[in-house]
Every structure is written in C-alpha cells, then in structure tokens.
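>>> could you work out the structure for the sequence below:
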Amino acid sequence: MSQTLTEKDEGKRVVDENGNKVGMITTVRDGTGYVDPDPSIADKVLSRFGWGDIDEDTYPLESSNVDHITDDEVRLKR
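Here you go, the predicted structure:
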C-alpha cells in the first residue's frame, strides 16, 4: 500500500527496502517527491523550510513507489 507524499515529507531521507540511504526529498509537488541523491547542507536546510527546488540534480519519486513514511524517512518499495 503506497502512501501519498506531502510537503511535510520535504527534508526526509529516502531509503531502499534494506534501509540504505538513497537521498533526500527536497520538494513535493502534486504528490510527487523530488529526490536529491547527494544533498548539500544548504539543500537540507532549505527543504526543512519548504524552499526546496527541482533541478537537474533531483529525480521524481511517485507515491506508488513508496512503501511507508515515518517521521524521519521515506522507505521505498522493493
């Protein structure tokens, strides 16, 4: 069962089904999260304030690929 990504998920780390870090959600728009695989400290701070951006360094993550969301992370499906 997938979960819908929201702006509250910006700044959370993204991990695979084994718990390996994939990146961080920098921005969420219309239920699609944008993952930066190598976020800088500035990216982390900006995302926490909802000031993230979509650029050539981010990749779209659809909610259908999300297994579950916790307070700290977004875990991907297998």
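
>>> pairing partners for the residue nearest the centre of the chain in the sheet, please.
Computing the C-alpha centroid of the chain and ranking residues by C-alpha atoms, centre = their mean puts I25 first, at 2.4 Å. Beta-bridge pairing for I25 (DSSP bridges): V35.

>>> same thing with Y59?
V35.

>>> against G23, how distant is it?
Distance, Y59 to G23, using C-beta to C-beta, to the nearest Å: 8 Å. In short, each C-beta sits where N, CA and C put it, glycine included.

>>> can you give me the helices for the chain?
Secondary structure of the chain (DSSP state H): helices at 41-48.

>>> show me where it has strands.
Secondary structure of the chain, counting by DSSP state E: strands at 13-15, 21-29, 32-36, 59-62, 66-69, 73-76.

>>> which of these sits most buried?
strand 32-36 (a mean of 22; mean count of other C-beta atoms under 10 Å).

>>> sorry, back to before: contacts only, for the residue nearest to the centre of the chain.
By C-beta atoms under 8 Å, 6 or more residues apart in numbering, I25 lies in contact with 5, 9-12, 14, 33-35, 47, 52, 61, 74.

>>> closest to H68 among those?
When the contacts of I25 are compared for distance to H68 (C-beta to C-beta), V74 wins out at 8.1 Å.

>>> so what's the residue lying closest to the closest one once chain neighbours are set aside up against?
Closest residue in space to V74, ignoring its immediate chain neighbours: V14 at 4.9 Å, by C-beta to C-beta, 6 or more residues apart in numbering. For V14, the contacting residues are 21-25, 33, 35, 61, 73-76, by C-beta under 8 Å, 6+ apart.
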